[in-house]
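K.L.:
Quick one: sequence and predicted model below, then my questions.
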Amino acid sequence: MVSAIVLGVVQGVAEFLPISSSGHLAIGQALLGVDPSVGGLKLNVLLHAGTLLAVLVVFRRDLWGLITALAPSAGPSNARARVVAIVAGSSPLVLALVPAVEHTIVQIERSMVAVGIALLCTAAMLGLSHRADPPDDPPELAPTLKGALLIGLAQVIAIIPGISRSGSTIAAGLGLGMGRERAARFSFLLSVPAVGAATLKTGLEFAASPNSTGGELLPYVAGFFASFVVGLASLTGLLRLIRRFGMLPFVPYLIAVGLLSVWMAR
C-alpha cells in the first residue's frame, strides 16, 4: 500500500506539471520494484482517475457550461464550439486502440533508456514552444477544428511513457498561436474523455476479474485518493505558474530527469 500511495503522490504532482506522469511513474515503479505487467498498468490508470477527478473539480464551471451548451434549446455559442473541438481533438485516440499498443507501452515502461529519451523529447517540445510575449486571448475561446485535431494528435503521442500529455498538448496549442491559459484550459478539458474512457475500461476489467478481492483493491483506492488530493493542489498551482512564466522553467528539470533515467539503465 505504501508503494501505491507514493506513486499516487507522484501522479498527483506530475500529471498536471508538464513533466510526464507516465515517465515518472515508470521511474517510480522501477525504484519500488513494481512490475508494469502485473498490476502496474492497472494502478497507473486508477491513479490517472484520481487526477481526472481533480480536473472535474477545478473545471466544474467550464464543464457545466459545455454540458448546458448541448441542450436542444441552446443556440450556437462558443461553448458549443468548444464541445465540437473537444470531440475533434479526442478522435485521434482511436489510434491508441491498434492491437499491441498496450503491450508496447508496457515494454517502453520497462526501458529506462526509452523513458529518458522521451523525457528529453518533452523538454525539447516545451523549449521550442516557448514564447516570451504570448497572445492574451480569451481562455474560453475554442480552437479551430484543424487546431483541435493537431492538439489531439499531440495527445496520442503522449501515450508514450515520458512524453507529457499536458506538456505536448499545451505546447501544440502554443505553437498554433493560442495564449498560455487558453492552451492550458483546452488541454485539461481534452483530458476528460481520454482519461475517463481508459478509467472505465480498466474499472470494468478489474470488476470482471475473478481474482479481485478487497485486500487487492485497498492499495488502488489509497493511490487513487493520494493522486486526487495532491492533483488538486498541483493543478491550481500550475495554472498560476503558466500564466506568469509559461512552461520554460520545467525544461532544465526534464533534462536532468531524462539523463538520470538513461543513467539508471546502466
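P.N.:
Done, it's in. Numbering: from 1, shown residues only.
K.L.:
those helices in the stretch 51-200 of the chain, which residues are they?
P.N.:
Remark: helices assigned in the stretch 51-200 of the chain by DSSP state H, counting those that start in this stretch are 60-68, 78-90, 101-110, 112-129, 145-157, 165-175, 180-208.
K.L.:
got a list of what the most centrally placed residue in the chain touches?
P.N.:
Nearest to the mean C-alpha position of the chain, by CA atoms, centre = their mean, lies residue 165 at 4.2 Å. Counting by CB atoms under 8 Å, 6 or more residues apart in numbering, residue 165 touches 15, 20, 21, 22, 155, 158, 187, 191, 194. All C-beta spots, glycine's among them, are computed from the backbone N, C-alpha and C.
K.L.:
among these, which one has the lowest pLDDT?
P.N.:
The lowest pLDDT within the contacts of residue 165 belongs to residue 22, with 75.
K.L.:
Look up the closest residue to that one, ignoring the ones flanking it.
P.N.:
Distance criterion CB to CB, 6 or more residues apart in numbering; nearest residue to residue 22, sequence neighbours excluded, is residue 161 at 4.1 Å.
K.L.:
I'd guessed the one you found sits against residue 110; true?
P.N.:
No: under the criterion of CB atoms under 8 Å, residue 161 is not in contact with residue 110, lying 9.5 Å apart.
K.L.:
Compare the two and say which is more crowded by neighbours.
P.N.:
For residue 161 versus residue 110, the count of surrounding residues by other CB atoms under 10 Å is larger for residue 161: 28 against 17.
K.L.:
Give me the phi and psi for that one.
P.N.:
phi -60, psi 130 (degrees, to the nearest 10).
K.L.:
Same check on residue 139?
P.N.:
phi -70, psi -20.
K.L.:
And it, how far from residue 102?
P.N.:
Counting by CB to CB, to the nearest Å, the gap between residue 139 and residue 102 amounts to 34 Å.
K.L.:
more neighbours, these two?
P.N.:
Set residue 139 next to residue 102 and count neighbours by other CB under 10 Å: residue 139 wins out with 17 against 13.
K.L.:
how much space is there between that one and residue 204?
P.N.:
35 Å.
K.L.:
cool, and residue 231?
P.N.:
Distance from residue 231 to residue 204, by CB to CB: 23 Å.
K.L.:
who has more neighbours, those two?
P.N.:
residue 231 (29 against 10).
K.L.:
what stretches of the chain score poorly on pLDDT?
P.N.:
1, 34-42, 73-76, 202, 205-216 (pLDDT under 70).
K.L.:
top helix in it by residue count?
P.N.:
helix 214-245 (DSSP state H).
K.L.:
so that one versus helix 165-175, what angle?
P.N.:
Per axes from the mean of the first three to the mean of the last three CA atoms, to 10 degrees, the angle that helix 214-245 makes with helix 165-175 is 30 degrees.
K.L.:
I'd like to know which elements helix 214-245 is packed against.
P.N.:
helix 2-14, helix 41-58, helix 180-208 (3 or more CB pairs under 8 Å, 6 or more residues apart in numbering; DSSP states H and E).
K.L.:
So which bits of the shortest one are buried?
P.N.:
Meaning helix 2-14. 3, 4, 6, 7, 8, 9, 10, 11, 12, 13, 14 (16 or more other CB atoms under 10 Å).
K.L.:
do the longest one as well
P.N.:
Counting neighbours by 16+ other CB under 10 Å, one finds that the buried residues in helix 180-208 are 180-192, 194-195, 198-199, 202, 206.
K.L.:
That helix packs against which elements?
P.N.:
helix 41-58, helix 60-68, helix 78-90, helix 145-157, helix 165-175, helix 214-245.
K.L.:
Rebuild those as TSV, extending it with distance to residue 30.
P.N.:
Converted to TSV, these look like this (distance: least, CB to CB, whole Å):
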stretch	distance to residue 30
helix 41-58	13
helix 60-68	35
helix 78-90	31
helix 145-157	22
helix 165-175	20
helix 214-245	17
